[in-house]
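A.B. asks: what's the 3D shape of this:
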Amino acid sequence: MQKLNIKELIFGGAVKTAGGGAWRDSIQAWLPIKNIINGVVITRDNRFVKILEVLPVNIYLKSPNDRQNIISSYAAYLKIAPDSLQLEARTFPADTAAYVDRMREYAEAEDNECCREMIEDNIAQIGEGVASDAIRHRFFLIFQYEANMKSKGHSVAAIIQRLNEEADTARRYLDLCELEVLEPRFSDDFLLKLLYEIINKRTSQRVKLPEGVFDMTTAIHGIYEE
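C.D. replies: Alright, predicted model coming up:
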């Protein structure tokens, strides 16, 4: 039997059928993404897109001088940033499941009855009450390859390298703004999970993609590992 990983099933990279590479009415038939390579999303209309996640800073907690420096550094970056630069903020319900599980472990190991009651009260307040109203935010910089970026050649590898160089430039400038641009250890994994969350907003809150998802084989759509 043929071996196929989840990346190929979602993006259709290695799916071969008589109909031209995608099952009728399947995700591959409408998803506008062709592939993810070295941290770059390649769309079906052959655009190359880079997505960076940025950790925010509360500028109102900074001194007036620091605020001015942050604004000046950000303005300097915008002058040399890609023309296609987009800023996106995503809002999610707060995920308190891990915190509640950890507190329950503490409660089970606690000998003092009063302490156990305090932990249970904390679980009820955080896990049930606060979680219903709490939200969290994620912030992204998104840009695509443009002709004026002038990569060293027109190959896929050259364009991806040029986009990653542009990402390094963004990191240097935003560091001056006291903003951290995340550098995931496995950038393709990061992008696959992000796109999964965007496409499956509700499902992704309860069904998480496992670590190392790109390397996994799966029994799905009738295709099984050997």
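
A.B. asks: report the central residue of the protein.
C.D. replies: Residue closest to the average C-alpha location in the chain (CA atoms, centre = their mean): residue 194, at 3.5 Å.

A.B. asks: got the buried residues for the longest strand anywhere in the chain?
C.D. replies: When the chain is parsed with DSSP state E, its longest strand is strand 135-144. Neighbour-count burial for strand 135-144, with 16 or more other CB atoms under 10 Å as criterion, is recorded at 138, 141, 143-144. Placement of C-beta: from N, CA and C, glycine included.

A.B. asks: tell me how many other residues crowd residue 77.
C.D. replies: Residue 77: 18 surrounding residues under other CB atoms under 10 Å.

A.B. asks: oh sorry, the question was meant for residue 36
C.D. replies: Residue 36 has 23 nearby residues by other CB under 10 Å.

A.B. asks: that one belongs to a strand?
C.D. replies: Yes. Counting by DSSP: H, G, I helix; E, B strand; the rest coil, residue 36 is located in a strand.

A.B. asks: just the pLDDT for it.
C.D. replies: Predicted confidence (pLDDT) for residue 36: 86.

A.B. asks: check whether it really touches residue 192, as I assumed.
C.D. replies: Yes. Judged on CB atoms under 8 Å, residue 36 makes contact with residue 192 at a distance of 6.2 Å.

A.B. asks: before we move on, the earlier item: residues contacting whichever helix or strand comes after the longest strand of the chain, please?
C.D. replies: Remark: after strand 135-144, the chain's next helix or strand is helix 156-176, criterion DSSP states H and E. For helix 156-176, contacts defined as CB atoms under 8 Å, 6 or more residues apart in numbering pick out 37-40, 42, 48, 50, 52, 54, 69-70, 73-74, 76-77, 80-82, 141, 143, 145, 149-152, 180-181, 183.

A.B. asks: from those residues, which would you call buried?
C.D. replies: Listed as buried from the contacts of helix 156-176 are 37, 39-40, 42, 48, 50, 52, 54, 70, 73-74, 77, 81-82, 141, 143, 145, 149, 151, 181; burial here means 16+ other CB under 10 Å.

A.B. asks: just the ones of these in helices?
C.D. replies: If you go by DSSP state H, the buried ones among the contacts of helix 156-176 have 70, 73-74, 77 in helices.

A.B. asks: so how far is stretch 119-128 off the chain centroid?
C.D. replies: Going by CA atoms, centre = their mean, to the nearest Å, the spacing between the C-alpha centre of stretch 119-128 and its chain's C-alpha centre is 29 Å.

A.B. asks: cool, thanks, talk later.
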